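*Asks:* Task: produce atomic coordinates for the following.
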Amino acid sequence: MDEYTDSYRLFPLWAVYLLTIPVGLGAWGVSAARYTDTLAGTPLFVLFAYGLAVGYANRRTVRVTAEGVAKAFGPLPCGVQPEWVPRDEVAKVYVRYVYVSAKSGRAPYWAAGIEDTSGRWVDLTDPLAPAESVKESAQRIAAMLRWTEPIEVLRGMPAVYDRKALAPLMLWGGLIFAAFGWGLLQSL
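*Replies:* The predicted structure is shown next:
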């Protein structure tokens, strides 16, 4: 069976390493102050440590076949649900230029993906991939889906925002808020 597969990290490994430094220094500082027992028991430290484990281990995987598109994030659970878009719900295959505001500190990039019949855009390529690689990926995605129409070039923001994408952010934000609340209750 022919299929297009891709696997990539959502964030570069150097960024995960950089985030390890403050967590490691904080753990070292607390243990040096002889509060080791309380550090290991704090929910906030456990959340940060698990978040780093997710950053190290998890990868976005994409699989495109003639039946449709599957997208997952794992192996460690973190609130991101796998996605499946059947072939008959694919409205277009696209390449798009993702403009990111200069204030955000991120660089603009190219993405290849599909638009489903509800108007939701599903990017399927690595945001760090070069433009030529993204264009080749779009051609391979179209070939796997047996797409006969031309690949569209899109610009701008999606017409329909994916509300499910906010679920992991709300989950992690709630956990961090609960950890801070737990810490405040313990200090009283």
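*Asks:* all contacts plus neighbour counts: C-alpha atoms, from now on.
*Replies:* Noted.
*Asks:* Which strands or helices does the lengthiest helix in the chain pack on?
*Replies:* Scanning the chain for the longest helix, with DSSP state H as the assignment, gives helix 166-187. Counting contacts by 3 or more Cα pairs under 8 Å, 6 or more residues apart in numbering; DSSP states H and E, helix 166-187 packs against helix 43-57.
*Asks:* Contacts for the helix it packs on, please.
*Replies:* Contact with helix 43-57 is made by 11, 13, 16, 19-20, 23, 39-40, 74-76, 78, 175-176, 179-180, 182, as judged by Cα atoms under 8 Å, 6 or more residues apart in numbering.
*Asks:* Show me where the protein has its strands.
*Replies:* 4-8, 59-65, 68-74, 83-86, 90-98, 109-116, 121-123, 152-155 (DSSP state E).
*Asks:* What is the third one packed up against?
*Replies:* When contacts are defined as 3+ Cα pairs under 8 Å, 6+ apart, strand 68-74 sits against strand 59-65, strand 83-86.
*Asks:* what's the angle between it and strand 4-8?
*Replies:* When axes from the mean of the first three to the mean of the last three Cα atoms, to 10 degrees is applied, the directions of strand 68-74 and strand 4-8 differ by 20 degrees.
*Asks:* Is residue 9 in contact with residue 60, as I believe?
*Replies:* Yes - with contact defined as Cα atoms under 8 Å, residue 9 counts as touching residue 60 (6.0 Å).
*Asks:* which stretches of the protein have low pLDDT?
*Replies:* 1, 27-42, 44, 101-102, 104-106, 157-167, 183-184, 187-188 (pLDDT under 70).
*Asks:* Extract the C-alpha trace of stretch 84-99 and format it as PDB.
*Replies:* Output of stretch 84-99 as PDB, limited to C-alpha atoms (Å, rounded to 0.1, in the frame of the first residue of the first chain):
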ATOM      1  CA  TRP A  84      -8.500  11.500  10.900                       C
ATOM      2  CA  VAL A  85      -9.800  13.100   7.800                       C
ATOM      3  CA  PRO A  86     -11.400  10.600   5.300                       C
ATOM      4  CA  ARG A  87     -10.500  11.100   1.600                       C
ATOM      5  CA  ASP A  88     -14.100  12.100   0.700                       C
ATOM      6  CA  GLU A  89     -14.000  15.000   3.200                       C
ATOM      7  CA  VAL A  90     -10.800  16.600   1.600                       C
ATOM      8  CA  ALA A  91     -11.900  19.700  -0.200                       C
ATOM      9  CA  LYS A  92      -8.400  20.800  -1.400                       C
ATOM     10  CA  VAL A  93      -4.700  20.100  -1.100                       C
ATOM     11  CA  TYR A  94      -2.700  23.300  -0.500                       C
ATOM     12  CA  VAL A  95       0.600  24.900   0.000                       C
ATOM     13  CA  ARG A  96       0.400  28.100   2.100                       C
ATOM     14  CA  TYR A  97       2.700  30.800   3.300                       C
ATOM     15  CA  VAL A  98       2.200  31.200   7.000                       C
ATOM     16  CA  TYR A  99       2.900  34.800   7.900                       C
END
